[in-house]
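K.L.:
no sequence for this one, just the structure:
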C-alpha cells in the first residue's frame, strides 16, 4: 500500500483528502504545518507528498527542496491560480500541481499517475499461488480467477502486503471499511472466513484475541 503524506493546514480540506485517499486504498499521514511535515519526512517511509503552498512554520516552497532531496514525488496544492505560482513549483521539481478547489476524482487520478511515473505504484502483488492484479481488480489462484467482493479484495490485499505481521481486527476494520461503516469486528471475522473458503484456510492464521496474520 502506498503511503501518502498530506501537508495541509486547513483541517476540512486535509480530512477530505484523507477520506478520499483511504477509500481509494492508500495509507495516509497528515501534517498541519511544515515542521510537522518535516518530522514525518525524516521518520517515516513515504511514497508521495501532497504539499500545500501556504503553510505555517515552513511554507511549501521552503519544504519542497527537502522533500525532493529524499527522492519523494510531490504534488503541490494551492488556492492560488496564477500561472507564475504553478510554474515556480514545477520548475523547482514538483511532479504535478493542483489548484484548489479541485474534484476528488481529479486528485486521485493525478496521484495514481505520479505514483506510476515514479514506479511507486504497484500493479501486481504475488504470494505463492495467489496473484492480485491491482489495476484490473482481479485475484488469481493457481492461474484461475477467484470471485471476491470489493471488501474481500481489499482485505486480502492488506493481509498479503503485511504478510508475517499481525493485523488487529480494529485495524482491519479501520483500513477496509473506514468512514463508511459503523459496526463491530464480527464483520472482519465473517469476511476472513469467506476468504479462507476461497483462497485456502491454511494461509490466514488466527492470532487469539488479537487478529490475523497472513502466512506464505
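P.N.:
In hand now; what should we look at? Being a predicted model, the structure only gives us computed values, none of them experimental.
K.L.:
if I look at residue 153, how far off is residue 197?
P.N.:
15 Å (CB to CB, to the nearest Å). No exception for glycine: its C-beta is placed from N, CA and C like everyone else's.
K.L.:
of those two, who's got more company?
P.N.:
residue 153 (19 against 9; other CB atoms under 10 Å).
K.L.:
Which residues are in contact with the more buried one?
P.N.:
132, 137, 139 (CB atoms under 8 Å, 6 or more residues apart in numbering).
K.L.:
from those, which ones fall inside strands?
P.N.:
With DSSP state E as the criterion, strands contain 132, 139 from among the contacts of residue 153.
K.L.:
For residue 87, grab the count of nearby residues.
P.N.:
With other CB under 10 Å as criterion, residue 87 counts 11.
K.L.:
does it sit in a helix, a strand or a coil?
P.N.:
helix (DSSP: H, G, I helix; E, B strand; the rest coil).
K.L.:
how close does it get to residue 205?
P.N.:
Counting by CB to CB - residue 87 and residue 205 are separated by 53 Å.
K.L.:
From what I see, residue 133 and residue 124 are in contact.
P.N.:
Yes - using CB atoms under 8 Å, residue 133 makes contact with residue 124 at a distance of 5.7 Å.
K.L.:
quick one, which of the two is more surrounded?
P.N.:
Applying other CB under 10 Å to residue 133 and residue 124 shows that residue 133 carries more neighbours, namely 14 against 11.
K.L.:
For that one, list the residues it contacts.
P.N.:
Taking CB under 8 Å, 6+ apart, one finds 123, 124, 139, 140 in contact with residue 133.
K.L.:
could you check the distance from it over to residue 157?
P.N.:
For residue 133, the distance to residue 157 - CB to CB - is 11 Å.
K.L.:
Could you count how many residues lie near residue 77?
P.N.:
By other CB under 10 Å, neighbour count at residue 77 equals 27.
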